[in-house]
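> Any chance you could fold what I've pasted below:
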Amino acid sequence: MHDYETIQYDVDGVLATITLNRPDRLNGITNMMMRELYECLNVVAQDDRIRVLLFTGTGRGFCPGVDLKLSSSGERQKPFSKQCFHITSLLHEMPKVTVAAINGACAGAGFGWACACDLRYATASATFNSAFLGVAISGDMAGPWLLPRILGATKARELFFLPNKFDAAEAERIGLVLKTFADETFRDDVNAIVEQLAKSAPLAICEMKRNFVNAENMPLRDYIEVETERHSRTGSSADCREAFLAFVEKREAKFQAL
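Below you'll find the predicted structure:
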């Protein structure tokens, strides 16, 4: 069991949940949170039992970025470790499906972390802001790499060059989040999606995630070679045979763990 001060880490079968846990500061980022989150994400990435990671926050905030009230304190003056900026890489590239459950204020580095996840859902009361230019910072957590792939180059630039706060309805309209849910039912609604993902064939969903990561960085012909090899391997797996049999027998498939 891993004990952390600024995050909570829970595992339930094939589902892992990381919850940013500084509710009194809307889960504003500190050096300790950066270190603990980077360490925990490495644990998740290396755990073959886990298929899905749910990433969320406690209280009224998801993550508003760095806790600015610590800007004059000793902790804030220490620079973040360079490796911690790869929290984004871990969320985006790990062979698990990563789901951001955006339960409140989402800005700055928190905005980047949400963009790094495969799927994003928000409460109706959530708010969003790239925020960096408002505090005269060029940005971090790979927003300019991630956001154009989600929204397109021009819209991504607008959200960074004109850092105005916008609400969950607008986030859904532009495609930043897939869907918004009422605050009262938010976790139940997201849990239903996560549970569906968790029932997927473990080898197939893991290799499908790798397909998407590879597709972002490989020429088409090279990618097709990789995709075809994975297609052949998953298509001849015991899970594939079980999926076909379950379909014919009209029952839920029972897949093997990796």
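> I figured residue 165 was touching residue 126, is that so?
No. Residue 165 is beyond contact range of residue 126, at 10.8 Å (criterion: CB atoms under 8 Å). The C-beta positions use only the backbone N, C-alpha and C, and glycine is treated the same way.
> Tell me which of the two has more neighbours.
Neighbours were counted for residue 165 and for residue 126 using other CB atoms under 10 Å; residue 126 has more, 28 against 13.
> Where do the domain boundaries of this structure fall?
Domain assignment for the chain, taken from automatic domain parsing, gives 7-198, 202-249.
> Most tightly packed of these?
Per residue and on average, the most neighbours among the domains of the chain fall to domain 7-198, with a mean of 19 (mean count of other CB atoms under 10 Å).
> Would you tell me what the next helix or strand after the lowest-mean-pLDDT helix or strand in the chain is?
Taking mean pLDDT, DSSP states H and E as the measure, the chain has helix 74-77 as its least confident helix or strand, at a mean of 51. Moving toward the C-terminus from helix 74-77, the first helix or strand encountered (DSSP states H and E) is helix 87-93.
> Output the contacting helices and strands for that following helix.
Under the contact definition 3 or more CB pairs under 8 Å, 6 or more residues apart in numbering; DSSP states H and E, helix 87-93 sits against helix 31-46, helix 108-116.
> got the contact list for the last one?
Defining contact as CB atoms under 8 Å, 6 or more residues apart in numbering, one finds that helix 108-116 is touched by 27, 29, 55, 62-66, 87-89, 91-92, 98, 100, 102, 106, 120, 128-132, 139-143, 146-147, 150, 176.
> ok, the helix or strand that that helix is followed by: who's next to it in the sheet?
Sequence-wise, the next helix or strand beyond helix 108-116 is strand 119-123, with elements assigned using DSSP H and E. Strands that pair with strand 119-123, judged by DSSP bridges, come out as strand 97-102 (parallel), strand 179-181 (parallel).
> Residue 218 is nearest to which of those?
With CB to CB as the criterion, residue 218 lies closest to strand 97-102 of those, at 20.3 Å.
> and that closest one, how far from the chain's centre?
In this view, strand 97-102 has its centroid 4 Å away from the chain centroid, taken as CA atoms, centre = their mean, to the nearest Å.
> and that strand, average pLDDT?
This predicted structure assigns strand 97-102 an average pLDDT of 98.
> Just give me the residue right at the centre of this protein.
With the centre of the chain defined as its mean C-alpha position, the nearest residue by CA atoms, centre = their mean is residue 117, 2.6 Å away.
> any idea how far residue 222 is from it?
Computed with CB to CB, to the nearest Å, the distance linking residue 117 and residue 222 is 26 Å.
> the strands in the stretch 101-250 of the chain, which residues?
Assigned by DSSP state E, counting those that start in this stretch, the stretch 101-250 of the chain shows strands spanning 105-107, 119-123, 127-129, 166-167, 179-181.
> now those strands in CSV, with mean pLDDT and distance to residue 199?
CSV is the format used below for these (pLDDT from 0 to 100; distance: least, CB to CB, whole Å):
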stretch, mean pLDDT, distance to residue 199
strand 105-107, 98, 28
strand 119-123, 98, 15
strand 127-129, 98, 30
strand 166-167, 98, 32
strand 179-181, 98, 20
